[in-house]
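Student: Below is the sequence, then the predicted model.
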Amino acid sequence: MKSELPIIGITMGDPAGIGCEVILKALRHPEIYALCRPVVCGDLAWIEQVSRDLQLPVRVLPDTEGVPDTDMVCVRQATRADLSEVHYGELSAHAGRAAAECVIVATHLAMENEFDAIVTAPLNKEAMALGGYPYPGHTELLAEVTHTPKYGMFLSSGNLRVIHVSTHVSLREAIERVRTPRIIECIRLGQDGCRQLGITNPRVAVAGLNPHAGENGLFGTEEVEEIAPAIQLARDEGILASGPHPPDTIFARTALGEFDVVVAMYHDQGHIPVKLHGFDSGVNITLGLPIIRVSVDHGTAFDIAGQGIAREESLLEAVRVAVQMVHARTQTHMSL
């Protein structure tokens, strides 16, 4: 029988990183069990090993043996990778394979409605490629598994929410991707992401690409030729879109509550302000998927893996946001 609380699948991330540590620490917080039923998709033996190595007082057991409660970590075995030679902080093809397999299993379980949402711990792109999964990151892997052609990376930290026109490409290629069809797609996705968080009529601010948003063509023409037409198309659809705004001020204005989401033109334009605003509390949401996916907004941190000093705040916030999105989606379906 399905739990009355949302069931959240949590992927363990790269086992050589801090993913298992932050999961074990997060699942010691009683508030999690008041919000949802967490199930970790990972390797049972490895997670048990991490709990012993870091002396974390939690019970790790298969998810078939009971309903999770405080200090209880229920694990769904989701990988066949051999982790016997994996070591904290070291790049490993086996670890990369395990991380990818856990994401794939969790995604399928969400598509089959066994999970109401998934929360992902960080993976290492190089390790994942070595393990046979050459994807730029979670987002692209999730898009392929779910057969999703149009998707976007949506970062959220308090009042500051950002969606990106491009993410894991070179800056030269990112400039080439600033085109009207992709920008209007991101405006729509940004509006939808805000609505999934319960914001009824989102105000969408669109950042410029160039300094001072191009100064009417003085510092570049992308704003005039590509960005402004996309904003007008969005307005014609009834979206509360504005811009192009100077990139050096629009993120602060949004964090102060003037707008609900910013459309950033490339990876670092959006990531830097979000991480400055809330490095430990930021989360990453993939929009456009048929499932709810929220992730921590930090990496595998190989440099501190296995030391017991990683912080769980981003993982806790990711679970909270995932539950919030589940409830918002349920209310939307009930009103249809």
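Tutor: Thanks, I have it. Source: prediction; values computed, not measured. Numbering: from 1, shown residues only.

Student: R253 falls within a strand, correct?
Tutor: No. Counting by DSSP: H, G, I helix; E, B strand; the rest coil, R253 is not part of a strand but helix.

Student: so where's the protein shaky on pLDDT?
Tutor: Under the criterion pLDDT under 70, the flagged ranges of the chain are 1-3, 65-69, 280, 332-336.

Student: Go again with 80.
Tutor: In the predicted model, the chain carries pLDDT under 80 at residues 1-3, 64-71, 278-281, 330-336.

Student: longest helix of it?
Tutor: In the chain, taking DSSP state H as the definition, the longest helix is helix 313-335.

Student: Does anything pack onto the helix or strand harbouring R182? Which helices or strands?
Tutor: Taking DSSP states H and E as the definition, R182 sits inside helix 180-196. With contacts taken as 3 or more C-beta pairs under 8 Å, 6 or more residues apart in numbering; DSSP states H and E, helix 180-196 sits against strand 152-157, strand 160-164, strand 203-207, helix 228-236, strand 261-264, strand 283-287, helix 313-335. Every residue, glycine included, has its C-beta placed from N, CA and C.

Student: List the contacts of the second one.
Tutor: The one in question is strand 160-164. Surrounding strand 160-164, the residues in contact under the criterion C-beta atoms under 8 Å, 6 or more residues apart in numbering are 152-156, 186, 189-190, 193-194, 197, 251, 254-255, 260-267, 269-271, 273-274, 277-278, 287.

Student: who does that strand pair up with?
Tutor: Within its sheet, strand 160-164 is paired with strand 152-157 (antiparallel), strand 261-264 (parallel), according to DSSP bridges.

Student: Pull out the CA atoms of that strand and give them to me as CSV.
Tutor: The C-alpha atoms that make up strand 160-164 are tabulated as CSV, following Å, rounded to 0.1, in the frame of the first residue of the first chain:
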residue,chain,number,x,y,z
LEU,A,160,16.1,33.9,-6.0
ARG,A,161,15.1,31.5,-8.7
VAL,A,162,17.0,31.1,-12.0
ILE,A,163,16.5,29.1,-15.2
HIS,A,164,19.3,28.9,-17.8
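
Student: angle of it against helix 180-196?
Tutor: In this structure, strand 160-164 runs at an angle of 150 degrees to helix 180-196, with axes from the mean of the first three to the mean of the last three C-alpha atoms, to 10 degrees as the basis.
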